[in-house]
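**Q** need the 3D shape of this:
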Amino acid sequence: ALPDWVRARGLAIYLTVFSGVMSLGSLGWGTVAAQTSVPVALLVAAAGILVAIPVTLWARLGGLAQDHSPAHHWPEPGAAPEDQPASIWIAYDVPAEHREAFLALMQDQRRSRRAHGAYGWVLRQDASRPTRLIESWHEVSWLAHLRHHDRVSVTEKALQDEIRALLSNAPEIHHTIAPGKA
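**A** Residues are numbered from 1 along each chain as shown. Predicted structure coming up:
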């Protein structure tokens with residue numbers, strides 16, 4: 001359920017948690033067996049499994065229906081020093097009748113941006129133009145932002161298409177970096 005670029009990290013976290021829980025479980029069941037007996041510990045474990053079955057029936061792994069393959073629909077930004085921190089802001093002109101739907105979709109957009117390493121994400125309204133909303137966020141480096149361009153999935157593109165359908169015109173996109181030495 002993870003995109004290719006983060007699948008190895010997800011598996012590493014899964015294995016780390018699995019190993020830690022296995023160690024803690026061994027300690028816990030060893031303590032139960034020492035305080036009672038091995039047959040009692042095994043019966044308690046079996047009862048726990050029977051109780052857990054109905055609980056796990058409703059638990060489903062999310063994200064399986066999403067298409068995590070890269071969409072490659074963003075235009076290539078200009079060249080910049082790869083180690084410079086990057087800030088991106090996008091101005092959206094949203095008609096009043098679409099504002100609530102836009103705000104709801106932007107919460108999904110926020111989660112998407114943060115999943116790609118963005119920080120400091122914020123959505124603000126232009127004080128002089130009430131229909132203009134400005135999304136901004138930061139990325140650790142220009143190189144990280146370029147990688148973000150390569151990682152945007154087909155599912156995320158569909159979300160961005162939904163957002164663009166609510167706009168009165170194309171969004172205005174700006175990339176900024178810290179000034180280099182003169």
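**Q** low-confidence ranges in this structure?
**A** Low-confidence segments of the chain (pLDDT under 70): 1, 60-82, 180-182.
**Q** show me which residues of stretch 137-145 are buried.
**A** Under the neighbour-count criterion of 16 or more other C-beta atoms under 10 Å, stretch 137-145 has Trp137, His138, Glu139, Ser141, Trp142, Ala144, His145 buried. Where you see a C-beta, it was placed from the backbone N, CA and C, and this is true even at glycine.
**Q** how about residues contacting it?
**A** 77, 80-89, 113, 117-122, 148, 175, 177 (C-beta atoms under 8 Å, 6 or more residues apart in numbering).
**Q** now stretch 99-112: how far from the chain's centre is it?
**A** Relative to the centre of its chain, stretch 99-112 is centred 13 Å away, using C-alpha atoms, centre = their mean, to the nearest Å.
**Q** same check on stretch 113-128?
**A** 14 Å.
**Q** ditto for stretch 16-25
**A** On the basis of C-alpha atoms, centre = their mean, stretch 16-25 sits 25 Å off its chain's mean C-alpha point.
**Q** what does stretch 7-21 give?
**A** So, by C-alpha atoms, centre = their mean, the centroid of stretch 7-21 is 18 Å from its chain's centroid.
**Q** quick one: contacts for His174?
**A** Taking C-beta under 8 Å, 6+ apart, we find His174 in contact with Ile88, Trp89, Ile90, Ala91.
**Q** returning to that earlier point: now the contacts of stretch 137-145: which count as buried?
**A** In those, the ones that pass as buried (16+ other C-beta under 10 Å) are Ala80, Gln84, Ala86, Ile88, Trp89, Arg113, Gly117, Ala118, Trp121, His148, Ile177.
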